[in-house]
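J.: Structure, please.
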Amino acid sequence: MPETLSVELAYGRTGLTVELPSERTTVVAPAHPPAAPDSAAALRRALAEPVAGPPLRERVRAGQRIAVSLCDATRPQPREAMVRALLAELEGIATREDFTLLVATGTHRGNTDSELRTMLGDELVETIRIINHDCRDPEVLCPLGTFGDGVPVSLNRHWVEADVRITTGFVEPHFFAGFSGGPKLVAPGLAGLDTVLTLHDAARIASPQATWAVCEGNPVHDDVRAIAAGTGVDFAFDVVLNREQRIVEAFGGDLLPMHAAAREVVRSCRCSRFRSATTSWSPPTPGTRSTRTSTRRSRA
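T.: All right, here's what the predicted structure looks like:
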């Protein structure tokens, strides 16, 4: 019997062990950084000491309507901790009645009440307005024109009409969009179906640049950034997670430089260079939706 190598895949909630032929398998695993010793303090520091631009408190005035975009249940974002950090940072300026939490579902179904309570906790669900984005409902979409490389853009009306727009998410390599987080919390997250389908069309995804950890020159991410920059984000708030889905580092500030800074941290611990024609695997954060196995030669 040929020797095999046991590999633990980050699949589902408990993982999945597979056996692969050891003589032609290379496992490319990321580093596993420790969690921040005080995650709440790391979140507050990202809001008060942003990567670029003024602190969050200097961007918000009393009485303004605040829309917060957050990941849906298919992503392991620490939503409750991040929303509570926003509330604490804006205490004395904004009340809970000023906030609307928009679940950036993209084309996914809306999250159930039970899922929202798991994502945000009972207390937040019962005291803050929460809306599931629906990309197929024309009543909630606001047409905004064409952005990037001919992308017809419509976004959630509650987002567009807010006085202050804040994205929240987490950053990890994405298999065709380069990286998650940042501008993706605008589009495809809060976009209409036509916008999402254009961003995911065959021509864009077939590009060699539409791959892991590539943003500039990636036709998908180029258009995602163009939409977010062209339609406006007032503050962006992202985290980097470890394999236990705990916060390693938090970032805040102007959208594009904030996301670029977070990506560099992810590159240092989640991306590996290799040259191999064998089967290879690099595990994502447990709880995310996809694990890809590649058999093509790396261009690194």
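J.: How about residues contacting the strand or helix carrying residue 153?
T.: Using DSSP states H and E, the element containing residue 153 is strand 151-156. With Cβ atoms under 8 Å, 6 or more residues apart in numbering as the test, strand 151-156 has contacts from 102, 131, 133, 140-147, 186-187, 190-192, 194-195, 198-199, 223, 226-227, 230-231. Placement of C-beta: from N, CA and C, glycine included.
J.: Produce a ChimeraX select command limited to the buried residues of the residues you listed.
T.: Selection command for ChimeraX covering only the buried members of those, criterion 16 or more other Cβ atoms under 10 Å:
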select :102,133,140,141,142,144,147,186,187,190,191,192,195,198,199,223,226,227,231
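J.: now, which of the contacts of strand 151-156 lie within strands?
T.: Per DSSP state E, strands hold the following members of the contacts of strand 151-156: 102, 131, 141-147.
J.: can you list those residues in TSV and add distance to residue 123 and pLDDT?
T.: TSV is the format used below for the ones in strands among the contacts of strand 151-156 (distance: Cβ to Cβ, whole Å; pLDDT from 0 to 100):
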residue	distance to residue 123	pLDDT
102	19	98
131	18	98
141	31	98
142	31	98
143	36	98
144	35	98
145	39	97
146	42	98
147	38	98
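J.: possible to save those as JSON lines with distance to residue 89?
T.: Compiled in JSON lines, the ones in strands among the contacts of strand 151-156 are given as follows (distance: Cβ to Cβ, whole Å):
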{"residue": "102", "distance to residue 89": "19"}
{"residue": "131", "distance to residue 89": "22"}
{"residue": "141", "distance to residue 89": "30"}
{"residue": "142", "distance to residue 89": "28"}
{"residue": "143", "distance to residue 89": "33"}
{"residue": "144", "distance to residue 89": "29"}
{"residue": "145", "distance to residue 89": "33"}
{"residue": "146", "distance to residue 89": "35"}
{"residue": "147", "distance to residue 89": "30"}
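J.: Identify the farthest-apart pair in these.
T.: 131 and 146 (25.9 Å; Cβ to Cβ).
J.: Helices of the stretch 201-300 of the chain, start to end?
T.: In the stretch 201-300 of the chain, the segments counted as helices under DSSP state H, counting those that start in this stretch are 202-205, 219-231, 255-270.
J.: how about a markdown table for those, with distance to residue 163 added?
T.: Formatted as a markdown table, the helices of the stretch 201-300 of the chain follow (distance: least, Cβ to Cβ, whole Å):
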| stretch | distance to residue 163 |
| --- | --- |
| helix 202-205 | 33 |
| helix 219-231 | 14 |
| helix 255-270 | 17 |
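J.: and the ones you listed, which is most packed in?
T.: Highest mean neighbour count among those (mean count of other Cβ atoms under 10 Å): helix 219-231, with a mean of 22.
J.: For that one, C-alpha coordinates in CSV please.
T.: This file holds the C-alpha atoms of helix 219-231, laid out as CSV (Å, rounded to 0.1, in the frame of the first residue of the first chain):
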residue,chain,number,x,y,z
PRO,A,219,-10.5,42.7,-12.9
VAL,A,220,-12.9,41.6,-10.1
HIS,A,221,-11.2,43.6,-7.3
ASP,A,222,-10.4,46.6,-9.6
ASP,A,223,-14.1,47.0,-10.2
VAL,A,224,-15.0,46.3,-6.5
ARG,A,225,-12.7,49.1,-5.4
ALA,A,226,-13.9,51.4,-8.1
ILE,A,227,-17.6,51.0,-7.0
ALA,A,228,-16.8,51.6,-3.3
ALA,A,229,-14.6,54.6,-4.1
GLY,A,230,-17.0,56.1,-6.5
THR,A,231,-20.1,55.7,-4.4
